[in-house]
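Trainee: sequence-free structure coming up:
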Ligand SMILES: Nc1ncnc2c1ncn2[C@@H]1O[C@H](COP(=O)(O)OP(=O)(O)OP(=O)(O)O)[C@@H](O)[C@H]1O
């Protein structure tokens with residue numbers, strides 16, 4: 001059986017009256033690339049902090065490599081990039097990598113690391129002079145310095161332009177292809193779809209869905225039915241949970257596409273250009289979180 005690298009069993013974390021995580025159970029197995037998806041305040045960072053040994057659960061169990069996440073011998077085998085990082089402004093990029101490498105028994109090659117994250121040209125630049133996106137890429141690269149088995153990335157590409165985001169994705173994919181395990185949070189659904197094999201949807205401190213990208217889409221079973229009609233649509237169409245019209249083009253989100261199309265035909269709605277397709281992960285995500293009464297929408 002595949003080894004479990006990180007595990008939460010019925011883990012709850014409170015901050016005063018706030019229940020940030022509510023009896024969460026999840027296993028992260030060796031070789032997985034898991035996307036953690038959820039609206040603001042869902043508990044994503046709290047879960048990473050528990051796994052990384054930065055916080056303790058109020059109740060329940062959290063394990064890293066089969067033991068306490070607070071044990072330095074275990075923590076040295078993980079890499080993390082928190083949501084916000086403070087880098088030493090006066091150091092050069094290369095010096096910063098050397099500084100972080102010195103904390104690990106087996107650091108990766110500096111050149112290879114900087115190449116992998118598109119930072120090789122910046123080795124001699126002072127960190128204070130880097131752009132926001134360059135600093136973010138460095139912060140993410142530093143998570144990989146100590147040759148970790150497991151990496152936690154909390155919104156790794158926030159604030160990056162499309163090209164920088166893709167460079168970073170390539171770096172993460174390479175690590176994963178070489179056997180590394182990754183748990184990443186993201187508000188970019190495109191990112192989760194591009195990188196993750198497994199998606200855990202979390203909302204209001206609870207796990208709402210856990211499966212492949214396709215499973216999560218399928219779980220809500222929502223389909224998008226598009227058609228062109230000049231006529232107004234009759235009321236009470238089966239399973240419709242959303243409707244948008246632009247001119248004569250109508251988009252319907254429905255939980256039962258077959259019944260909906262039958263009803264349109266029976267009502268003699270004059271339509272053309274019928275299309276039925278799977279929803280995006282974003283639509284599935286919104287359906288899951290709204291069904292669970294989690295109202296915060298994900299940031300764009
Ligand atoms: N140190 C803290 N003290 C008090 N409340 C906290 C603390 N850290 C987190 N919380 C609360 O716990 C809940 C979960 O926060 P968390 O940061 O884990 O969510 P998140 O899913 O990472 O959100 P975001 O997407 O906005 O980063 C929120 O209600 C937050 O306000």
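Mentor: Received it, and whenever you're ready, just let me know what you need. Bear in mind the structure is a predicted one, so any value in this text is a computation, not a measurement.
Trainee: please count neighbours and contacts with C-alpha atoms only from this point.
Mentor: Fine.
Trainee: average pLDDT across stretch 276-283?
Mentor: Averaging the model's pLDDT scores along stretch 276-283 yields 76.
Trainee: over to stretch 22-37?
Mentor: This predicted structure assigns stretch 22-37 an average pLDDT of 95.
Trainee: what does the helix or strand residue 8 falls within contact?
Mentor: If you go by DSSP states H and E, residue 8 is part of strand 4-15. Residues lying outside strand 4-15 but in contact with it, judged by CA atoms under 8 Å, 6 or more residues apart in numbering, are 19-30, 46, 51, 56-66, 150.
Trainee: so residue 147 touches residue 108, yeah?
Mentor: Yes - with contacts counted by CA atoms under 8 Å, residue 147 reaches residue 108, the gap being 5.5 Å.
Trainee: and the strands in the stretch 151-300 of the chain?
Mentor: Listed from the start of the chain, the stretch 151-300 of the chain has strands (DSSP state E, counting those that start in this stretch) covering 181-185, 198-203, 206-212, 223-228, 240-246, 249-254, 272-278.
Trainee: what's near enough to touch residue 200?
Mentor: In this structure, residue 200 makes contact with 34, 35, 36, 37, 207, 208, 209, 210, 211, judged by CA under 8 Å, 6+ apart.
Trainee: distance of it relative to residue 14?
Mentor: When CA to CA, to the nearest Å is applied, the distance between residue 200 and residue 14 equals 21 Å.
Trainee: quick one: the residue in the chain sticking out farthest from the centre from residue 65, how far?
Mentor: No residue in the chain sits farther from the centre than residue 268, which is 43.7 Å out by CA atoms, centre = their mean. Distance of residue 268 to residue 65, given as CA to CA: 62 Å.
Trainee: longest single helix anywhere in this protein?
Mentor: For the chain, the helix reaching the highest residue count under DSSP state H is reported as helix 162-177.
Trainee: pull the most distant pair out of the contacts of residue 200.
Mentor: Farthest-apart pair in those is 34 and 208; separation 14.8 Å (CA to CA).
Trainee: more neighbours, these two?
Mentor: For residue 34 versus residue 208, the count of surrounding residues by other CA atoms under 10 Å is larger for residue 34: 24 against 19.
Trainee: where does that one fall, phi/psi-wise?
Mentor: With angles defined as degrees, to the nearest 10, residue 34 shows backbone torsions of phi -110, psi 130.
Trainee: that one touches residue 182, doesn't it?
Mentor: Yes - with the criterion set as CA under 8 Å, residue 34 and residue 182 qualify as a contacting pair; they are 6.1 Å apart.
Trainee: neighbouring contacts of stretch 174-194?
Mentor: Contacts of stretch 174-194 from elsewhere in the structure, counted by CA under 8 Å, 6+ apart, are 28-39, 44, 148-157, 199, 213, 281-282, 298-300.
Trainee: buried ones in stretch 11-22?
Mentor: Taking 16 or more other CA atoms under 10 Å as the neighbour-count basis, stretch 11-22 is seen to contain the buried residues 11, 12, 13, 14, 19, 20, 21, 22.
Trainee: off-centre distance for it?
Mentor: A distance of 21 Å separates the centroid of the chain from that of stretch 11-22, by CA atoms, centre = their mean, to the nearest Å.
Trainee: for it, how far is the first residue from the last?
Mentor: Its first and final residues considered, stretch 11-22 spans 7 Å by CA to CA.
Trainee: state the distance from the closest residue to residue 59 other than its chain neighbours to the ligand.
Mentor: Spatial nearest neighbour of residue 59, excluding adjacent residues (CA to CA, 6 or more residues apart in numbering): residue 12 at 5.2 Å. Distance, residue 12 to the ligand, using CA to the nearest ligand atom, to the nearest Å: 11 Å.
Trainee: go on, residue 273?
Mentor: Using CA to the nearest ligand atom, we find residue 273 at a distance of 39 Å from the ligand.
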